[in-house]
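>>> Based on what follows, work out the 3D shape:
(chains A, B and C)
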Amino acid sequence: MGKTEEILNQFHQVSRDVLIPMLQAVQDECGYLSEEAIEKIGSHLSLPASKIYGLATFYNQFRFAPTGKFHIQVCNGSACHLDHSISILKELFKHLGIRDGETTRDGMFSLEVLACIGACGQSPVIAINGVYYPKVKAGMIKDILEITKLKSS
Amino acid sequence: MSKSPYTTGLKDVVLEVAIKQPSEYSTGLIRKIELLSRVRVEKPLIMIGLNTSGKIAGGDRIKMAVEEYVSDRKLDVDVSETGAIGLASREPILGVQLPGRTRILFAEIVEEEVPLILDDIFHQIVPKEKFLGQIRHDKLDPWMDVPFLDEIPFFALQNRLLLRDCGIIDPLSIDEYIARGGYRGFLKAIRNYTYEEICSIVLMSGLKGRSGNGFLTGEKWKLAYNTSSDQKYLVCNAEESDPGAFMDRALMEGNPHQLIEGICLASYAIGATKAYIYIRTEYLESIRKLEIAIESAREYGFLGHNIFSSGFNLSISIRKGPGAFVCGEETALLASMEGRRGMPRSKPPYPAERGFHRKPTVINNVETLSNVPHIVVNGPEWFDTLGSGHCTGTKIFSVSGRAKHTGLIEVPMGTSLESVVVDIAGGAREGKKLKGIHIGGPSGCLLPADKLDIPVCFDALKDAGAVLGAGGILVLDEKVCIVDLVTYFMDFMQQQSCGKCIPCREGTLRMSEILNDIIRKPLDDESHSSLDRFKSLMSLEKLADVMRDTSLCGLGQMAPNPLISSLTYFRKEFEDHIFDRNCPSNVCKELRTYYIDVELCTGCTICAKKCPEDAIIGTEKHPYFIVSEKCTGCGICKDVCKFSAVFYN
Amino acid sequence: MMIKIEVNNRTVQARKGETILSALGNCGIHVPTICSMAELSPTGACRMCVVEVEGQEKLVPACSFPVSEWMKIRTHSPRVLRARKTNVELLLSNHPDDCLYCERNGNCELQKLAEDLNVRDRRMRGRKSKLKSDHSGYGIIRDPEKCILCSRCVRVCEEIIGVSTLDFVNRGSNLKIETAMSKPIGFSNCIDCGQCLINCPTGALIEKTEFQNLDHILDDKEKITVVQYTPAVAVSLADEFDLKGNADIKGVMNAALRKIGFDYIFDSSFGGDVVVMEQASEFVERFGKKSNLPMITASCPSFVKYIEEFSPDLISNLTTVKSPHQAMASLIKTWFTKLNHIAPEKVFSVLITTCTASKYEVHSDESLKSGDRDIDAVLSTRELIRLIKLNGIDVNKLETEPSDGPFHATTSAGKLFAVSGGEAEATVRSIYYLIEQKEMPEPRMNKFRGSRDVREVSVETKQGEIRIASVSGLKKAMKILEEIKSGKREYDFIEIMVCPDGCVGGGGQPIPLLESDIRARIRHVYEIDKNETLNAAHKNSAVRKMYEELARAPWSKESKLLLHTEHEEIKVLK
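Below is the predicted model:
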């Protein structure tokens, strides 16, 4: 039995109500939603794949490709915007060569813009694999990326 | 059932506290209550603020340092976590309480300082400069030369009802909550009041929904109560998705049982046996604490079957919202819970009549529900005295941006915005001039500094063309460009619109395009002269009217708010951008066209080397040239030029 | 219960609980709508039907707001008109400006709304969306730039057809309508029924057209151009050219096609008769052996694709006979060419049909297996109308002409294929004849006729009771098939049409497809059956001749080779 089936069998309820929790569980386990997983969930819940895909694209949480080894989240909340989160984002674009929602070709970094991390007192904030960097400045990005890369080797 | 690690094991004592009236408490019980509530401690207590923003500021590292310190020295102390005290700009916060002495709080500490601070305090010395204040208690010895929290302007001018225990208690401990008076309201309700009486009490209290347009909570409940159905639902809306709003999270992380009790009461009032908390997936810390709180409440019998022999059943489950701003809207939230795209539907029928799975469903947000236990315990008349006029109770604001103190501020309804922003939050930081505020999230309004005498109240704000929203306040100083900020909000709305109805989907996109044209150089051949831009601006006002009038849900109806309010109060800034192509606050750098004066340039190459966009070309020793198509107007060339040869217009 | 409401200062009656829109419709006030669809629940998305209701702060959508006693409504106040106009302007502000080149020019709801609301200058300019159009499918082309996101295609695909190929993707300004995993439509589970494009208000969904170089082929002296038209086309042309009084539309159409330049013109209902003969024999065999029952018809190419994609376990239940036009095409390239001494490769065979799925069908693997396509081009009713107009033909002034041999003899059995229930009715007549060796005493069965989506008939024969059902609308059919699988229902023979009401409501029909037009076409088909003495396939002399000269007998080795096909599972993301 594959990973997806195992997750699906953990749900006692078989109805559309559990679709989002199911997708969340599958993504937590696999890192993203593959076409295969969507098809399996669809046949498990008797839902067309288009409806599942349509639903998943509506929400911020779901993705259809794996993230990089390091997933960088940049907060673009109102307080972070005032503190020039855009310039941090641009710096990341420049150093990584990718836009938000993309992954570098070596699979090392992926980039995501969040509406608000909720640490408005520490703005601007970025997070790499869940580790937060409060009060970041654009000039610090290069170093942060270097250190992160070092950690991986 | 195994005992939860988050309770003291004194369940019987704790329940006695909840069931008995305070007048019936014996001296022994009072003594026990003091210990349970940690008003008094028998051994030193160290508390670390481990709310999300406290963690981001380094709270976890502080906790590790404290634990290391304690284990190295084999000290017999309690180390426990707490929520946010509200002063976000000074996190992380560490509290220490020695037996017999008041609790003292330290702010903005780094882990290296932990041993020094603890060394000092265990030797009864107050470490200089790092302290925030101490918590007053008449039976405990105060520290010398340390201000009481209630003397610090940030706290002194607040009236903390919902936030009272946040940052003070251990949010994971149901015992501490009960010892401080928790669950008495719920027990009172299921023992002494009918469903309908609870509805009436809340209606009489005048409690209004704390997010949205201030609908009377009691009225909503009555509608659901009066709709007959075999199943009713209560949904707690914890999808706090306004950027810059974090009051709900603070309540969930600081005092989750207050919310659970509120949910119990609301479910009882409408006769719902199933309650859901629809919460943002990113709120991991809130989810963890709520899960523990629900488990403890179940263990103590506040949830489950036939609760305290009342015949009332209730279960609470958590639904993680996968992230969409529009799911704050009731019908979109329900669609999401039913496993569909979070697109709102037309009302009527209202969810209170036909909601989740077409059954009567009441949806209230976290702050609204957290008020309910206080209303039931203290009575509606008491709640009424807290506010002014039609707005009763208190309101929590999350203040962020350029304020001196950022964080959570709870004031009685009717307090002026000026008092919140200037007196409590301290106005603009670093001595800058306060330009104004933005209140109410992305669909909120901008108000100039001289219009802050408005009282915090749904009606008064509406009269001033503003909205209370969830209560996010963004403080703006003179360095903030209003047009840039409005563009930011419009971009946000344009991405967050569900896209279902035309006025919202297309309207926000058009507005965002026009605003981006105003703050940037024209992006492409569809360039506009300043007259065109001005005409577009005129059409924006008309478009805003239609969006307000025809959009399906509140998101589209309120999306033009930031734009319209700023056109009222900050029109000059728009005109500067449109006619002079100039940003007075120096924020919209992309407006500028930089050029190098050939007479002054020596061809030193420094600007070309530093240009992040490689937009400067030329030959060494000869004048350089800026390719305006590539230039993003960052201004680095001007900063580095030693010969002052770079200019912009 | 009737209540009184006030509309534009006039008191009118309304039913309690109905929506404002329906109440307005009943009192003759027209309010524009985009997203509203008959039979489907309102979404309240387009905001075009907004009206002013006294006491309501905002404008309310008439399509979903219920009336209440003495509600005061204003339907065309300046405030309402401005709102509607602004919303249309918003849609236009980033709509491609190529109306003159658009397939729906002159027949576009957005264009009409702009005209009706007097949109005369461009007050808002939006950036044009730059999305690529999707030509990957055989039947349907999607042009997302022209999509105004009314979701009518999504809802018809989900609620009537049941396949749910399309859904909303993303949100806000990135909202699009796409297939699962954003696959090109040709690689999706689309069954090419074309109901989406029939319901599309703009040119965002159009059919793939094959007549660009048709005039050259018609002009090519080397090519023998033959054309066949399905029975539903003829009856549909009648209302398009206002030929209602004229009984012999077929004759007019023959004349028109000949004027256009086709060398031979055939009526596909001959193919229908052949299909009935084969199907009846196949059924009698299966019924006798009680194997692979119920037998399901395979005349609807969309339905065949559905089974191959979604329910391959039912492939053995499908009849193996080709669809009438494919059977016909096969006979054209064999029997007709032999009789007329024409080399088959010189023949250019055209099909005119009301179906968009036929455009897929002629490309499908089964059709290609023989190496050559039997049908070289498929035109829809819409394309035929365009072709007639292009050639400057005034249909009302044409003398009727007969169609060509050897297929000139037709019966009304083959004609019945145009409507849902018709194929079953026609087949039963021949099944009865095969078993009982006599004509049915009452061959015109009202139980097969009428507007219900499921019709059941049972016929007593010597070999036992035959339980027959005819279903139209795939969503309904899916439910029935499910019930058959679970044993809740039992039938021996089922006719299934994907499009509601069958081929007369097909995706290739003129737009808009009005309910009243469909009813008129159905009436027309039954009128033909009523007036025709030859009302069963086995009475067709030409069909008998075909068997004598070519295929020996129905369900024989020869006929299986010629007139039958195989169905195979297609793997797609469902």
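>>> for the closest residue to chain C within the stretch 1-150 of chain B, phi and psi?
Closest residue of the stretch 1-150 of chain B to chain C, CB to the nearest CB: B:Thr52 (25.9 Å). For glycine as for every other residue, the C-beta is placed from the backbone atoms N, C-alpha and C. Note on B:Thr52: its backbone torsions stand at phi -60, psi -50 [degrees, to the nearest 10].
>>> Pull the contacting residues for it.
A:118-119, B:246, B:249, B:253, B:283-286 (CB atoms under 8 Å, 6 or more residues apart in numbering or on different chains).
>>> closest to B:Pro612 among those residues?
Taking CB to CB as the measure, B:Pro612 sits nearest to A:Ala119 out of these, at 27.4 Å.
>>> Touching, the closest one and A:Lys135? I think so.
No: between A:Ala119 and A:Lys135 there is no contact under CB atoms under 8 Å: 9.6 Å.
>>> Spit out the residues that contact those two alike.
With CB under 8 Å, 6+ apart as the test, A:Ala119 and A:Lys135 both reach A:Val125.
>>> nearest residue to the residue lying farthest from the centre of chain C other than its sequence neighbours?
Here chain C reaches farthest from its C-alpha mean at C:Gly55, the gap being 45.3 Å by CA atoms, centre = their mean. Excluding its sequence neighbours, the residue lying closest to C:Gly55 (CB to CB, 6 or more residues apart in numbering or on different chains) is C:Lys72, at 7.8 Å.
>>> so how many other residues sit close to the one you found?
14 (other CB atoms under 10 Å in any protein chain shown).
>>> check contacts around the residue in chain B positioned nearest to chain C.
Chain B approaches chain C most closely through B:Gly499 (3.1 Å), counting by CB to the nearest CB. By CB under 8 Å, 6+ apart, B:Gly499 lies in contact with B:343, B:505, C:149, C:168, C:170-175.
>>> Equivalent analysis for A:Arg99, please.
A:93, A:111.
>>> domains for the chain, by residue range?
Since you didn't name a chain, this refers to chain A. Structural domains annotated on chain A: A:3-58, A:70-151, as defined by automatic domain parsing.
>>> Correction: the question concerned chain B.
Recorded structural domains for chain B (assignment: automatic domain parsing) are B:37-152, B:175-386, B:394-480, B:483-579, B:592-648.
>>> can you redo the ones you listed as CSV with mean pLDDT?
Compiled in CSV, the domains of chain B are given as follows (pLDDT from 0 to 100):
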stretch, mean pLDDT
domain B:37-152, 93
domain B:175-386, 94
domain B:394-480, 93
domain B:483-579, 88
domain B:592-648, 88
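>>> Dump these to CSV, plus distance to C:Tyr138.
Formatted as CSV, these follow (distance: least, CB to CB, whole Å):
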stretch, distance to C:Tyr138
domain B:37-152, 54
domain B:175-386, 30
domain B:394-480, 45
domain B:483-579, 30
domain B:592-648, 44
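>>> which stretch among those comes nearest A:Ile20?
Closest of the domains of chain B to A:Ile20 is domain B:175-386, at 5.7 Å (criterion: CB to CB).
>>> Start and end of the closest one, how far apart?
Chord length of domain B:175-386, first to last residue, is 28 Å (CA to CA, to the nearest Å).
>>> Now look at that domain and say if it contacts chain C.
Yes: shown here: domain B:175-386 in contact with chain C (CB under 8 Å from any CB of the partner chain) through B:324, B:326, B:341, B:343, B:345-346, B:348.
>>> For beta bridges, what are the partners of B:Leu216?
Bridge pairing for B:Leu216 (DSSP bridges) gives the partners B:Lys208.
>>> can you tell me how far it sits from B:Gly209?
When distance is defined by CB to CB, to the nearest Å, B:Leu216 is 8 Å away from B:Gly209.
>>> of all the residues in the stretch 351-500 of chain B, which ones are close to chain A?
B:398, B:400-402, B:406-407, B:438, B:442, B:472, B:474, B:476, B:480, B:485, B:488-489, B:492, B:496, B:498.
>>> Do you have the helices of the stretch 151-300 of chain C handy? List them.
Along the stretch 151-300 of chain C, the segments classed as helices by DSSP state H, counting those that start in this stretch run C:152-155, C:195-199, C:214-219, C:231-240, C:249-260, C:269-289.
>>> ugh, typo on my part, it should be chain A
A:3-9, A:19-30, A:35-45, A:49-58, A:78-82, A:85-96, A:141-152 (DSSP state H).
>>> Burial-wise, tell me which of the ones you listed comes out on top.
Across the helices of chain A, averaging neighbours per residue (mean count of other CB atoms under 10 Å in any protein chain shown) puts helix A:78-82 on top, at a mean of 28.
>>> Let me know the average pLDDT across it.
Average pLDDT, helix A:78-82: 92.
>>> now the stretch 301-450 of chain C, which segments are flagged as low pLDDT?
Residues of the stretch 301-450 of chain C meeting the criterion pLDDT under 70: C:365-371.
>>> go on, chain A?
Residue ranges of chain A with pLDDT under 70: A:1.
>>> Flag every residue of it that's near chain B.
Chain A has residues A:15-21, A:23-24, A:54-55, A:58-62, A:76-79, A:81-82, A:94, A:114-123, A:125, A:132, A:134 near chain B, with proximity defined as CB under 8 Å from any CB.
>>> centroid residue for chain B?
By CA atoms, centre = their mean, chain B has its centre lying nearest to B:Phe246, at 2.1 Å.
>>> Surely that one and A:Cys120 touch.
Yes: counting by CB under 8 Å, A:Cys120 is a contact partner of B:Phe246 at 6.7 Å.
>>> list the residues that contact both of those two?
B:53, B:88, B:398.
>>> Spit out the contact partners of the spatially closest residue to B:Glu353 that is not a sequence neighbour.
Spatial nearest neighbour of B:Glu353, chain neighbours left out: B:Thr227 (5.0 Å); criterion: CB to CB, 6+ apart. Residues counted as contacts of B:Thr227 (CB under 8 Å, 6+ apart) are B:352-353, B:360.
>>> Sort out for me which of those are in strands.
Secondary structure defined by DSSP state E assigns none of the contacts of B:Thr227 to strands.
>>> Please tabulate these in a markdown table, including the columns neighbour count.
Converted to a markdown table, the contacts of B:Thr227 look like this (neighbours: other CB atoms under 10 Å in any protein chain shown):
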| residue | neighbour count |
| --- | --- |
| B:Ala352 | 23 |
| B:Glu353 | 17 |
| B:Pro360 | 26 |
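>>> okay, now C:Lys130: neighbour count?
Look at C:Lys130: counted by other CB under 10 Å, it has 8 neighbours.
>>> Next up, the contacts around it.
Per CB under 8 Å, 6+ apart, neighbours of C:Lys130: C:Glu145.
>>> State the helix or strand in which it lies.
Following DSSP states H and E, one finds C:Lys130 outside all helices and strands.
>>> Against C:Pro96, how distant is it?
10 Å.
>>> just C:Gly172 next, same as before
As judged by CB to CB, C:Gly172 and C:Pro96 stand 21 Å apart.
>>> which ones are touching residue 121?
All of this refers to chain A. A:Gly121 makes contact with A:79, B:53, B:57, B:88-91, B:400, B:406-407 under the criterion CB under 8 Å, 6+ apart.
>>> Oops, wrong one, chain B.
Residues near B:Ile121 by CB under 8 Å, 6+ apart: B:96, B:98, B:104, B:127.
>>> Max pairwise distance over these: which two?
Among the contacts of B:Ile121, B:Leu98 and B:Pro127 lie farthest apart (CB to CB), at 13.9 Å.
>>> Between the two, which is the more surrounded one?
With neighbours defined as other CB under 10 Å, B:Leu98 and B:Pro127 compare such that B:Leu98 has more, 20 against 16.
>>> show me what contacts the more buried one?
B:41, B:44, B:121-122, B:124.
>>> Farthest-apart pair in the residues you listed, please.
B:Val41 and B:Gln124 (15.3 Å).
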